[in-house]
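Novice: Starting from these lines, generate the structure:
(one chain, ligands or ions: 1)
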Amino acid sequence: MKISKINVFQVDLPMKEGAYSWSNQSFAAFDSTVVQIETDEGVSGVGEVCPLGPSYLPAYAEGARTGIATIGPDLLGEDPTHLARINHKMDRLLKGHPYVKSAIDIACHDILGKVTGQPVCNILGGRLQEKVKLFKVVSRADPDEMVDKITAYQEQGFKQFQMKVGADPDVDITRINKVANALWEGNVLGADANCGWRQHDAVRVVKATADVKYYVEQPCETYEECRVVRDHCHHPMILDECMDSLQAVLRGYQERAMDVINLKINRLGGLTKARLIRDICVSLGIIMTIEDSWGGEIADAAIAHLAHSTPEDFHFQSSAFHEYATHAIATGAPVIEEGYMRAPETPGLGVEPNWDLLGKPVASISA
Ligand code: MG
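Specialist: Here you go, the predicted model:
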């Protein structure tokens, strides 16, 4: 089987709630890229990459499309089911830029699943969990508004929450206290600063909220700053943005820098590399949030399959982004029910893009 054509589509994902705000950033919509890989045997696969705007991680939507156009021509003729070979070749063609390679790797997994008649979670190790625990994001807003949001989400059945902080530290202290007060018994709260606090401000916030039960997530930009913050608090620590490679995870493990890592598929370069880190984390005893930066139904399917194939004991939570968008870019998305999602059991990712909505490809790479 050979890759015969790579189609690239651009689609906007507007927020149902009007905007999504975290740290010091806020967006009304996200620019997503869908990749379709066609083969000479008629089987095709899809993948998606959606950076959270251009200033969140060293990744941006136009960069994803430019990068795919750069490496795409050299992938023609390759067998998409030979995942290690595809990844090795992508790394030789383009140094770094893992997010560029992510949607291609996901599309190749979709093809391998279809060709072997298996859902992608089987290829990633098997369905170790029947359903995947979700968390709901409480976007940064006025503290009382955030209380209303978390209350409504709890009434919908959600049990795990990630409130966005990382802005003014004094307001963040109020946010954490008020939202934690509104948390129902047994539910789980994380406060994610997304790198937004300076080190001394982060230390002030965790000390001022020392008696509040919550997970602190990526308080500052660098690993070293987060490590200092950890020395000043007893809250469990989740590291996210700085866990950008296997080396970073291993260093964090050696230095006891975190209790949980947030594993984002496109930041690592796709399912092949995310799976490698997932398996090493399971071997080392590190618990994971499994998700991506953002996306629609296709990205969510990849998240769900990776999470399904992770032992429940090591899976902290996942996110499903498609429910935040005003429109669906594909059918067959993981079904969300009472705070859990479940990926389809059909071969591949189990999603079918809404081709009418995606429109004409912005790039088509073929011989
Ligand atoms: Mg995070």
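Novice: The residue of the stretch 251-367 of the chain found nearest the ion: what's it in contact with?
Specialist: The nearest approach of the stretch 251-367 of the chain to the ion comes at Asn262, 5.0 Å away (C-beta to the ion). Any C-beta I mention is one placed from the backbone N, CA and C, and that applies to glycine too. Applying C-beta atoms under 8 Å, 6 or more residues apart in numbering to Asn262 gives the contacts 217-218, 238-240, 243, 288-289, 291.
Novice: what's the spacing between it and Asp292?
Specialist: To Asp292, Asn262 is 10 Å away according to C-beta to C-beta, to the nearest Å.
Novice: what does Val115 give?
Specialist: Computed as C-beta to C-beta, the Val115 to Asp292 distance reads 24 Å.
Novice: Same question for Gly18.
Specialist: Note on Gly18: its distance to Asp292, by C-beta to C-beta, is 22 Å.
Novice: now Val49
Specialist: Distance, Val49 to Asp292, by C-beta to C-beta: 8 Å.
Novice: now do Leu93
Specialist: Distance from Leu93 to Asp292, counting by C-beta to C-beta: 23 Å.
Novice: Ok, Ile303 next?
Specialist: 6 Å.
Novice: Pull up the overlap in contacts between the two.
Specialist: Common neighbours of Ile303 and Asp292 (C-beta under 8 Å, 6+ apart) are 265, 319.
Novice: Tell me which of Leu93 and Asp292 has more neighbours.
Specialist: More crowded of Leu93 and Asp292, by other C-beta atoms under 10 Å: Asp292, with 28 against 16.
Novice: domain parsing for the protein?
Specialist: Residue ranges for the domains of the chain, per automatic domain parsing: 3-117+353-366, 123-352.
Novice: will you turn these into JSON lines that also has mean pLDDT?
Specialist: Listed next are the domains of the chain as JSON lines, based on pLDDT from 0 to 100:
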{"stretch": "domain 3-117+353-366", "mean pLDDT": "97"}
{"stretch": "domain 123-352", "mean pLDDT": "97"}
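Novice: so who does Gly72 touch?
Specialist: Contact analysis of Gly72 by C-beta under 8 Å, 6+ apart lists 6, 8, 104, 363, 365.
Novice: is it true that the second one touches Gly359?
Specialist: So that's Val8. No - using C-beta atoms under 8 Å, Val8 is not in contact with Gly359; the gap is 11.9 Å.
Novice: Neighbour count: these two, which is higher?
Specialist: Shown here are Val8 and Gly359; by other C-beta under 10 Å, Val8 has more neighbours (20 against 10).
Novice: where's the closest residue to the residue of the stretch 251-367 of the chain closest to the ion other than its chain neighbours relative to Gln317, distance?
Specialist: Distance criterion C-beta to C-beta, 6 or more residues apart in numbering; nearest residue to Asn262, sequence neighbours excluded, is Asp240 at 3.6 Å. Distance from Asp240 to Gln317, counting by C-beta to C-beta: 12 Å.
Novice: Show me which residues of the stretch 101-250 of the chain are close to the ion?
Specialist: Within the stretch 101-250 of the chain, the residues that sit near the ion (C-beta under 5 Å from the ion) are 192, 217, 240.
Novice: Closest to Tyr223 out of those residues?
Specialist: Proximity of those to Tyr223 was ranked by C-beta to C-beta; the top entry is Asp240 with 11.0 Å.
Novice: on that earlier part again, is it correct that the residue of the stretch 251-367 of the chain closest to the ion falls within a helix?
Specialist: No - the assignment for Asn262, made by DSSP: H, G, I helix; E, B strand; the rest coil, is strand rather than a helix.
Novice: So which residues of the stretch 101-250 of the chain form strands?
Specialist: For the stretch 101-250 of the chain, applying DSSP state E, counting those that start in this stretch gives strands covering 132-133, 136-138, 160-164, 188-192, 215-217, 237-239.
Novice: Could I get the ones you listed in a markdown table, plus columns for mean neighbour count and distance to Val179?
Specialist: Listed next are the strands of the stretch 101-250 of the chain as a markdown table, based on neighbours: other C-beta atoms under 10 Å; distance: least, C-beta to C-beta, whole Å:
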| stretch | mean neighbour count | distance to Val179 |
| --- | --- | --- |
| strand 132-133 | 24 | 20 |
| strand 136-138 | 23 | 7 |
| strand 160-164 | 25 | 5 |
| strand 188-192 | 23 | 7 |
| strand 215-217 | 25 | 13 |
| strand 237-239 | 24 | 16 |
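Novice: Identify, by residue count, the longest helix of this structure.
Specialist: With secondary structure taken from DSSP state H, the chain has its longest helix at helix 98-116.
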